[in-house]
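Colleague: Sequence first, then the predicted structure:
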Amino acid sequence: MRYSTLTLAILVATTSTQSHANSTDDDTPTVQLEALQVTVSTNTQSSLAFADTKKASDLTVKKEVLKHRSSTLGNALALESGIHSNPFGGGASAPVVRGQEGVRVKVLNNGLNVADMANVSPDHAIAVDTLLASRVEVVRGASTLMHANASPAGVINVIDERVPKHLPDGVTGESLFRFNTGSDEKLATASLVFPVADKLALRVEGMKRSANPYNVPAINFGEVLDYLPDSYNNSTVGTLGASYIGEKGYLGVAYSERKDNYGLVGHNHKFDHCEGHVFDTSRGFSSPERKYLIPYPHLMSDEDLVKGFHFHCGTDYDQDPSHSHEHVYGHKHDHTQKGPWVDLKSKTFTLQGEINSPIPSIDKIRLSASHSDYAHQEHDEGKHVPDPSKGTVFVQGNTSYWGNQGLSAKLSVHQSPTDRLSLVWGLDNQTNKTHALIPSLTEKAGNRRLLVNNTQKTNSLFGLSEYKIGNLKLHTALRHERTSIPVVYNMDEINAQINSGIGTQESPNLTPYTNRATSYALGAIWDISPKLRLDATYSHNERTPTPMELYYHGKHLATNSFLYGNKNLSEEKSNNGELGLTFKGDKWQVKGSIYTNHFDNYIHPENLYKNGNLSMRRFTQSKARLKGAELEIGYQVNDNLNVSVFGDVVRGKLYNFAPIFGNNIYEERFVGYDEDCWYEPDEPEYEEECRLTENVLVGQDTIVRPDRNAPRMSPDRIGVRMNGNYGNFSPSLEYIRVSAQNRTSNSVSAKYNSECPYHNDENRLCPIYINEDATNGYHLLNIGLDYHRNIGNSDTTWSIRLNNALNEKIYVHNSFLPFVPQQGRNISLSVSTKF
């Protein structure tokens, strides 16, 4: 299937009410009053297990809001309470929820797992489309166990209408045109839904987006630029869906295809030919050699780690200045030559169905499944870099290949045995075949299998209950998962290495990784009055390590590091609590929550070594503690104006690290005199020649790793928001003060160095202090105006947005590129139509 510009007719406009608001589902009941359509709220999110159970921290971001925001998920949600973004140029951004990201924040598309490689590296896009979504839901508490085991911070569900659920009376549709001055963005989306038979509906939709490198207030590359090189982003998406819709439910299918092409900012070509020396195939003369580590280095254990970590690069990378505002990328960057880029393709088949009251004891059954074929390549034309002996050399990067074939299926059964008791139970299956390869023979052997071919299979059972006692709702939830991760090995390659060795050779243990994880949650919602609701949740969450955490081995240049998995990781466990309050009065609205997370065996990459700006990291486990609060207070000034103040804060600590142990320490001690000595005690040579000593073990060289702040934690935020509605005009203003982040993470690693103190002429460990950079705060001011008009059977909205009106230099502490500024002052113009 090909999409040149768009295969769909595109109209103009975008429907918008407030610049920022939460809403209920789009398919809630409506009442038609002449030309006015009134939505009747049921306070329900489809990601929640039970109706009317929305807690203070649950969010719904409407389509009307998403249309004015970024096309990447993290930036699209970054203004929501408790959510920040980890951006990487113009092509990728991931949500950071309550200080957590990656596998701890489950991202779903219509309740199903998203098959991509976003959790492997921050420069990989999340393969969902917020600009085609009807809404994005963020849920917490017991309902998260209907979707995932490991998301106490929240589950993000991007919901679209690719599979029609209702039979339209005629042709309906939506369209959007948008232009942005900050990147010369040109965006168009369109969708059409129409009946093709009595009970059959068809939907077609698509998106086309092109954006140049975005503007910044200033960035220093030796010369000051007003744009960020290589931050361009181009996307094309097309979807075709059809449903059979009956009196009791529907069953539909959809096919979606997306293509993305975007630049990778901040790449240091001096790292391209590097290889990290992290393991040795020999543990000593008395131990068998492990030559199988050469083709499959991810099999290394703690005992295989070398004592002196180092890099082989062939460049003067270690002479570069540290990252700073004057040296944004930590090296002299030639912006006149094109940097690396990503070509991404993804194809997804989706099945969705729901049947209501199939038998008297069952309210409804939901079935959903998807199969995705995701692949992207990272290309690099190469650049000239300084060379100590030759002046400059041309470094050609090798293309890397990344893939994920994902199959996801979920069946849920909803029951109401009594008026007070409701149940949801079901099955969830996920299978992902992933790989990351640099197959070029010019690539160092240790870098070629970044992520060995593997298949992660997870089968889950879940069950949730709700029991009503007056105005009190009690919730329980349980989820059990079994995960296995078989790896595809080339036995001929392994045997060839073993047979080439000299001496005793050890064969590898190729038993697939398997583990189980069980999570449970208890919750309560108390409606003290029609205006006041309290909620409380306690959960115990477990998750098994991912293939990335177990097996990754090699370059991870988006984070200026070489990253190594740890096949001996155990399951991560956390105990979590949250309290929330929601008040909705005639004038005042308040919602707030406080939360805490305590982790055992918290999985994270730990610094092993750093030289210059290049780090060596390996996944390890420690204890962790996170806590935070979110608050929003709104006031309805009059019928036309609402004003709210809001803020959030989060703190994170890592602690209980194992010490770093080095060589044994011996001390020479006197034990007596040699009785057979030639000299007599009264002779001057006696003391020197006849004295006997021995080396006594007195300890082991040890470096203690202290507790520390968690890295890249979200800074404090406070702001004010005003939304108005004056006839056909809807103005909005939003001001946010983001504080500087000075609570940085300072870790300790070690190296052997002849400059360290000696014991018996043996090298001692030297501590390496690796300090995270602090990030400046900033002021963000956004101003908007919408003009809404009904024309015939269509609703049209013209919108203008002035974003970052103060043209602030915005640096994001959550990012792996904290000295790269975000987009400067820009104006977005859009027009959308719904008919």
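Modeller: Received it, and whenever you're ready, just let me know what you need. These figures come from a predicted structure and were not determined experimentally.
Colleague: Just give me how far the top helix by length along the chain sits from the chain centre.
Modeller: Longest helix in the chain by number of residues (criterion: DSSP state H): helix 491-500. Its chain's average C-alpha position is 38 Å from that of helix 491-500, according to C-alpha atoms, centre = their mean, to the nearest Å.
Colleague: Against Ser732, how distant is the residue of the chain most remote from its centre?
Modeller: Most distant residue from the mean C-alpha position of the chain: Asp682, 77.9 Å away (C-alpha atoms, centre = their mean). Distance, Asp682 to Ser732, by C-beta to C-beta, to the nearest Å: 101 Å. Every residue, glycine included, has its C-beta placed from N, CA and C.
Colleague: And for Ser370?
Modeller: With C-beta to C-beta as the criterion, Ser370 and Ser732 are 36 Å apart.
Colleague: doesn't His298 fall inside a helix?
Modeller: Yes. Read with DSSP: H, G, I helix; E, B strand; the rest coil, His298 is one of the residues of a helix.
Colleague: Partner strands of the strand or helix carrying Tyr244 and their direction?
Modeller: Element membership for Tyr244 (DSSP states H and E) is strand 233-245. For strand 233-245, the paired strands and their directions (DSSP bridges) are strand 200-211 (antiparallel), strand 249-263 (antiparallel).
Colleague: Would you format those strands as TSV with mean neighbour count, mean pLDDT and distance to His333 included?
Modeller: Formatted as TSV, the strands paired with strand 233-245 follow (neighbours: other C-beta atoms under 10 Å; pLDDT from 0 to 100; distance: least, C-beta to C-beta, whole Å):
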stretch	mean neighbour count	mean pLDDT	distance to His333
strand 200-211	21	98	21
strand 249-263	20	98	13
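Colleague: out of those strands, nearest to His556?
Modeller: In terms of C-beta to C-beta, the element of these nearest to His556 is strand 249-263, at 18.3 Å.
Colleague: next structured bit after that closest one?
Modeller: strand 275-279.
Colleague: can you list the weak-confidence ranges in the stretch 401-550 of the chain?
Modeller: Applying pLDDT under 70 to the stretch 401-550 of the chain flags no residue at all.
Colleague: What is the end-to-end distance of stretch 751-765?
Modeller: Using C-alpha to C-alpha, to the nearest Å, one end of stretch 751-765 lies 5 Å from the other.
Colleague: so who does the residue nearest to the spatial centre of the chain touch?
Modeller: Using C-alpha atoms, centre = their mean, the residue of the chain that lies closest to the mean C-alpha position is Gly102, 3.1 Å off. Contacts for Gly102 were tallied using C-beta atoms under 8 Å, 6 or more residues apart in numbering; they are Ala94, Asn119.
Colleague: Against Gly91, how distant is the closest residue to Ala558 other than its chain neighbours?
Modeller: Spatial nearest neighbour of Ala558, excluding adjacent residues (C-beta to C-beta, 6 or more residues apart in numbering): Asp123 at 4.1 Å. The gap separating Asp123 from Gly91 is 8 Å, by C-beta to C-beta.
Colleague: overlap in contacts of these two?
Modeller: With C-beta under 8 Å, 6+ apart as the test, Asp123 and Gly91 both reach Leu264, Val342.
Colleague: list the buried ones in the longest helix of the chain?
Modeller: Across helix 491-500, burial judged by 16 or more other C-beta atoms under 10 Å covers Ile494, Gln497, Ile498.
Colleague: Could you measure from the first one over to Gln505?
Modeller: Looking back up the chat, that one is Ile494. Distance of Ile494 to Gln505, given as C-beta to C-beta: 11 Å.
Colleague: Do I have it right that Thr189 meets Glu205?
Modeller: Yes. Using C-beta atoms under 8 Å, Thr189 and Glu205 qualify as a contacting pair, with a distance of 7.3 Å.
Colleague: Could you check how far stretch 437-448 is from the centre of its chain?
Modeller: 27 Å.
Colleague: How far does that stretch stretch from one end to the other?
Modeller: One end of stretch 437-448 to the other measures 6 Å (C-alpha to C-alpha).
Colleague: And the contacts of that stretch?
Modeller: With contacts defined as C-beta under 8 Å, 6+ apart, stretch 437-448 is touched by 273-276, 294-295, 297, 312, 398-401, 449-451, 553-555.
Colleague: With stretch 524-542 instead?
Modeller: The list of residues contacting stretch 524-542 from outside it, by C-beta under 8 Å, 6+ apart, reads 53, 55-56, 140-142, 144-145, 149-152, 471-475, 477, 517-523, 571-585.
Colleague: Now do stretch 381-396, average pLDDT.
Modeller: Across stretch 381-396, pLDDT averages out at 76.
Colleague: And it, end to end?
Modeller: Distance across stretch 381-396, first residue to last, is 6 Å (C-alpha to C-alpha).
Colleague: how about that stretch: buried residues?
Modeller: Neighbour counts using 16+ other C-beta under 10 Å place Lys383, Val385, Pro386, Val393, Val395 of stretch 381-396 among the buried residues.
Colleague: now, among the buried residues of helix 491-500, which is nearest to Ser287?
Modeller: Using C-beta to C-beta, Ile498 is the member of the buried residues of helix 491-500 that lies nearest Ser287, at 14.9 Å.
Colleague: doesn't Asp492 make contact with the closest one?
Modeller: No. Judged on C-beta under 8 Å, Ile498 makes no contact with Asp492 at a distance of 10.9 Å.
Colleague: now Ala142, what's its secondary structure?
Modeller: helix.
Colleague: what pairs with the helix or strand hosting Trp526, and is each one parallel or antiparallel?
Modeller: Using DSSP H and E, Trp526 maps to strand 513-527. Strand 513-527 has the following strand partners under DSSP bridges: strand 472-485 (antiparallel), strand 532-543 (antiparallel).
Colleague: mind checking which of those is nearest Leu228?
Modeller: strand 532-543 (35.3 Å).
Colleague: what comes up buried for that closest one?
Modeller: For strand 532-543, by 16+ other C-beta under 10 Å, it's Arg533, Leu534, Asp535, Ala536, Thr537, Ser539, Asn541, Glu542, Arg543.
Colleague: which outside residues touch the next helix or strand after that strand?
Modeller: Next in sequence after strand 532-543, counting helices and strands by DSSP H and E, comes helix 547-551. When contacts are defined by C-beta under 8 Å, 6+ apart, helix 547-551 is touched by residues 119-120, 298, 434, 451-452, 454, 456, 485, 487, 513, 565-567, 569, 603, 619.
Colleague: which stretch of helix or strand covers the closest residue to Thr559 other than its chain neighbours?
Modeller: The shortest distance from Thr559 to any non-neighbouring residue, by C-beta to C-beta, 6+ apart, is to Phe816 (4.7 Å). Applying DSSP H and E as the criterion places Phe816 outside every helix and strand.
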